[in-house]
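*Asks:* Have a look; sequence and predicted model below, questions after that.
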Amino acid sequence: MDRFDEAILRALEVDGRLSFAELGERTGLSKSPCWKRVQALETSGVIRGYRADLDPSALGLSTLAFVQVTVAFDRHEAFEQAVAAHPAVLGCHATVGATDYLLRVVMPSMTALDDFLRQSLWRLPGVERFTTTLAMRTIKENGALMPNL
């Protein structure tokens, strides 16, 4: 990866909808070499995809919770498959420490979160216990991996 690839990544991280002409102008490359570099970054897996950044509260999803989950020793694979398929779970990270996983969950209300915890999460394979922390407000989210240097 050279300075051109880094410039492409910085630009696309800010605005993934840039045309190749605009991207070329920002990086100092012409359209065709810029397109080839983006293709190579996609093929190598550096660029995983493109998506819209949606506002949860504008969609009626105002309750954000982080849930630490402990899972039975022999049930990790089944738990991971179940949580990966669950639409309410936005993120799941295997952790080291007092618990096994950290989930990021968004819900329309506290009542919906309570229902999720009691009716869905508790019934996922291997769940032994969990602890929930509510986010009061978001200070920073989706920070750039390629900050402007």
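*Replies:* Arrived safely, thanks for sending.

*Asks:* What separation is there between the closest residue to R10 other than its chain neighbours and A7?
*Replies:* Distance criterion C-beta to C-beta, 6 or more residues apart in numbering; nearest residue to R10, sequence neighbours excluded, is M146 at 4.6 Å. Every C-beta, even on glycine, is put in place using the N, C-alpha and C of the backbone. Separation of M146 from A7 (C-beta to C-beta, to the nearest Å): 9 Å.

*Asks:* Strands of the chain, start to end?
*Replies:* Along the chain, the stretches classed as strands by DSSP state E are 63-71, 89-94, 101-107, 127-134.

*Asks:* how about the residue positioned nearest the centre of the chain, what does it touch?
*Replies:* What sits nearest the mean C-alpha location of the chain, by C-alpha atoms, centre = their mean, is G91, with 5.8 Å. Applying C-beta atoms under 8 Å, 6 or more residues apart in numbering, we find G91 in contact with L103, R104.

*Asks:* so where's this structure shaky on pLDDT?
*Replies:* 148-149 (pLDDT under 70).

*Asks:* let's see it at 50
*Replies:* The chain contains residues with pLDDT under 50 at 149.

*Asks:* now the residue of the chain positioned farthest from its centre, nearest residue through space, not along the chain?
*Replies:* Relative to the mean C-alpha coordinate of the chain, counting by C-alpha atoms, centre = their mean, the farthest residue is S30 (31.9 Å). Distances taken as C-beta to C-beta, 6+ apart put G24 closest to S30, at 5.5 Å, once the chain neighbours are dropped.

*Asks:* What is the neighbour count of the one you found?
*Replies:* By other C-beta atoms under 10 Å, the residues close to G24 number 21.

*Asks:* Pretty sure it sits against V38.
*Replies:* No. Contact criterion C-beta atoms under 8 Å: G24 and V38 do not qualify, at 10.2 Å.

*Asks:* all helices for the chain, in order.
*Replies:* Assignment of helices within the chain using DSSP state H yields the ranges 3-14, 20-27, 31-43, 76-85, 110-115.

*Asks:* Would you mind putting these into TSV with distance to G126 alongside?
*Replies:* Shown next, in TSV, are the helices of the chain (distance: least, C-beta to C-beta, whole Å):
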stretch	distance to G126
helix 3-14	36
helix 20-27	45
helix 31-43	36
helix 76-85	5
helix 110-115	21
